[in-house]
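**Student:** here are the coordinates; sequence isn't available:
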């Protein structure tokens, strides 16, 4: 009888080994997961055999999507239960959040320029879209859901959006002739977890930027050149009333021992500069002087003077290119800000995708650990019954107890990892911490992503797309262009200062006859008008004009500072060209590296799939041999442990493959197209389409 059983076991073993060696392309039924009772009847184990099969994951949450068997494709992944399908197919039930909008201060009120402005208060409430993902105290989230919620809630994007109004303030500032402060457009990485690969962004340019060098502060020549006067008009008033008493040592000049003088003076000035370098200045002076001296024919004396002065540089400081250089830098910085925001969105979406796939990996790992623990507990229970019948040694039960303890430890670690990855995803999808959301488990609805068409593209095609779509390429080109345009402004600084100017002035004098005049009648006589209106009219009626045209020339006979700055600006421009080329090389390397990584991860998945299939078949054979008496429970336990390790390795390989697909999309600049993210939606912080 024992010989017959041994022969049957050997025959069954040979049949199973033959099935293992069937070519990959041959048609064969899918191998069931441990505990699957849908096998053909010839291989369907008896009830005793079924007791050795790993228990399926406990369905304590009936609306939780069943975990995919590691190694299965998206087409063979078990369909989620109805609630999960409903979560993916339902229409959004939320009101959209308030779009991000910070308008530039503008008012027709003439007092508005002298009052402080404020930006709208922060909206730190989480997007209502997140609430639509919650059912029965759990968050059911697909990959598209995660991306859409991140676009609306992620603080990295919320922080970067303020760079747009900051760039506009720089344009407004430079339109007055002031320096550009620059915009910090580096990619923000404040969210925990998920970053991988190169996600560099551009940097804003400033007319007075500096950085720490080996010998101290290193000042850039970017934006340097001749002094730019303010394009804003300035109106200045100055007035005073003065009373002066002077004791005279000799009365011959004043006629009084103590000279008392009362002076009232008003001075006004209007000045404005223009982009061509022209400066206009208009001055008006009004004065009334009264004293107690009898030596003046008129008292008080009224005097006014009007003057128009126009200055035009001919060499140094001439031209729009020189005087509007800060405006061009600020406008370029605004364009760089737009491109850098695209780089920020790509980085954030890439980060969220990586966090999501890490969550899927942790979710599957927890399911695998649950199945292993279930099998270990079942095996221990069966062996304890066998021990009671004295069919196995007590050492076998101790081994089973050790396996249960190890499985419980693995499950504890897996659950802790799942909890951490849930927190990382919730942190990336929320603006503020919500204790109620913190305690909610997260159920991923997408266990596999769609195939990535970039996997089949040639390296040349990927590089060509990256050169067109990566925002960093345009950013560095613009920065090199800023340096090139800056050369025009700094070249003007080499020239001598040659200014032409023209002046026109008019004056008016008036005053009543001094009643205390003790001079001769001829000396006390006057034909001047007596009142302010006549004096004011004479100032502008061309009765007392003055013309003046002239020039000033100033030459620095060595000109070392300007020459050094100009040549340094050329050298820095060459460096910016090198930086642009280096960035192109970095992008090419990034694309190649991502392509190679994708191919490697894809091969790893294939290898892990084969290892998992082999471990599954080994487990099935060992389980059947145990029933026939050719193997012990320990052998089956070891085979199940090897199967769990193979499933975990496959799950890890699939996660790495999904993240490699994410990375190659980032490397060629197709992340937003692949995920359906609109850059306009990202700027407003409102996703207009349903995920």
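**Tutor:** Received it, and whenever you're ready, just let me know what you need. Everything quoted here is computed from the prediction, not taken from an experiment. Numbers count the residues shown, from 1 in each chain.
**Student:** now name the helix or strand holding residue 600.
**Tutor:** Assigned by DSSP states H and E, residue 600 falls within helix 560-628.
**Student:** now for that helix, which elements pack on it?
**Tutor:** On a contact count with 3 or more CB pairs under 8 Å, 6 or more residues apart in numbering; DSSP states H and E, helix 560-628 meets helix 2-20, helix 47-50, helix 459-469, helix 471-492, helix 633-667. No exception for glycine: its C-beta is placed from N, CA and C like everyone else's.
**Student:** tilt between the longest one and helix 560-628?
**Tutor:** Orientation note: helix 633-667 sits at an angle of 150 degrees relative to helix 560-628 (axes from the mean of the first three to the mean of the last three CA atoms, to 10 degrees).
**Student:** coming back round to it: tell me which of the helices and strands packed on helix 560-628 sits nearest to residue 387.
**Tutor:** Between residue 387 and these, the tightest spacing by CB to CB is seen for helix 633-667, at 10.6 Å.
**Student:** can you name the next helix or strand after that closest one?
**Tutor:** The helix or strand immediately downstream of helix 633-667 is helix 671-675, counting by DSSP H and E.
**Student:** what mean pLDDT does the following helix or strand past that following helix have?
**Tutor:** Next helix or strand after helix 671-675 toward the C-terminus (DSSP H and E): helix 679-684. What helix 679-684 shows for mean pLDDT is 92.
**Student:** stretch 114-126 now?
**Tutor:** 88.
**Student:** span of it from start to end?
**Tutor:** For stretch 114-126, the first-to-last residue distance is 36 Å (CA to CA, to the nearest Å).
**Student:** list the contacts of the closest residue to residue 600 other than its chain neighbours.
**Tutor:** Nearest residue to residue 600 in three dimensions, chain neighbours excluded: residue 660, at 7.8 Å (CB to CB, 6 or more residues apart in numbering). Residue 660 makes contacts with 594, 597, 598, 600, 601, 602, as judged by CB atoms under 8 Å, 6 or more residues apart in numbering.
**Student:** would you say residue 191 is within a helix?
**Tutor:** No: counting by DSSP: H, G, I helix; E, B strand; the rest coil, residue 191 is not found in a helix; it is coil.
**Student:** number the chain from 49, please
**Tutor:** Yes, from this point I'll number from 49; that puts the last item at residue 239.
**Student:** what's the closest of the helices and strands packed on helix 608-676 to residue 165?
**Tutor:** Of all the helices and strands packed on helix 608-676, it is helix 519-540 that lies closest to residue 165, at 28.2 Å by CB to CB.
**Student:** now, of the contacts of residue 708, which are buried?
**Tutor:** 642, 645, 646, 649, 650 (16 or more other CB atoms under 10 Å).
**Student:** tally up the residues packed near the closest residue to residue 175 other than its chain neighbours, please.
**Tutor:** Closest residue to residue 175 apart from its sequence neighbours, by CB to CB, 6+ apart: residue 200 at 3.9 Å. As a burial measure, residue 200 scores 25 neighbours (other CB atoms under 10 Å).
**Student:** in what helix or strand does residue 200 lie?
**Tutor:** helix 191-201.
**Student:** how big is the angle separating that helix from helix 681-715?
**Tutor:** Using the same axes, to 10 degrees: helix 191-201 against helix 681-715 is 50 degrees.
**Student:** tell me how far stretch 704-716 is from the chain's mean position?
**Tutor:** Taking CA atoms, centre = their mean, to the nearest Å, one finds the center of stretch 704-716 at 19 Å from the center of the full chain.
**Student:** cool, stretch 144-154 as well?
**Tutor:** The chain centroid and the centroid of stretch 144-154 are separated by 18 Å, computed with CA atoms, centre = their mean.
**Student:** so which bits of that stretch are buried?
**Tutor:** Residues of stretch 144-154 classed as buried: 145, 148 (neighbour count, 16+ other CB under 10 Å).
**Student:** between the two ends of it, how far is it?
**Tutor:** For stretch 144-154, the first-to-last residue distance is 28 Å (CA to CA).
**Student:** tell me the mean pLDDT over it?
**Tutor:** Here stretch 144-154 scores 85 as its mean pLDDT.
**Student:** and stretch 557-564, by the same measure?
**Tutor:** The average pLDDT within stretch 557-564 is 84.
**Student:** please apply the same query to stretch 360-370.
**Tutor:** 90.
**Student:** just the buried residues of it, please?
**Tutor:** Neighbour counts over stretch 360-370 (16+ other CB under 10 Å) mark 360, 361, 363, 364, 365, 366, 367, 369, 370 as buried.
**Student:** looking at those residues, which are in helices?
**Tutor:** 369, 370 (DSSP state H).
**Student:** who's in contact with the helix or strand residue 600 falls within?
**Tutor:** According to DSSP H and E, residue 600 maps onto strand 593-602. Here strand 593-602 makes contact (CB under 8 Å, 6+ apart) with 544, 545, 546, 547, 548, 549, 550, 551, 552, 553, 554, 555.
**Student:** backbone phi and psi for the residue most central in space within the chain, please?
**Tutor:** With distances taken as CA atoms, centre = their mean, residue 392 lies nearest the centre of the chain, 3.5 Å away. Main-chain dihedrals, residue 392, degrees, to the nearest 10: phi -70, psi -40.
**Student:** measure it to residue 633 for me?
**Tutor:** With distances taken as CB to CB, to the nearest Å, residue 392 is found 23 Å from residue 633.
**Student:** list just the nearest of the contacts of residue 708 to residue 483.
**Tutor:** residue 649 (37.7 Å).
**Student:** wait, that closest one touches residue 703, no?
**Tutor:** No: the criterion here is CB atoms under 8 Å, and residue 649 misses it with residue 703 at 9.3 Å.
**Student:** show me where pLDDT drops low in this structure?
**Tutor:** Within the chain, the stretches with pLDDT under 70 are 49-143, 243-267, 737-739.
**Student:** recalculate using a threshold of 50.
**Tutor:** The chain contains residues with pLDDT under 50 at 49-51, 53-54, 57-58, 60-129, 245-264, 739.
**Student:** what's the single longest strand in it?
**Tutor:** Identified as the longest strand of the chain according to DSSP state E is strand 306-321.
**Student:** what are the pairing partners of that one, and which direction each?
**Tutor:** strand 282-295 (antiparallel), strand 327-339 (antiparallel) (DSSP bridges).
**Student:** quick revisit: which two in the buried residues of stretch 360-370 are spaced the farthest apart?
**Tutor:** Using CB to CB, the two most remote members of the buried residues of stretch 360-370 are 360 and 369, lying 16.0 Å apart.
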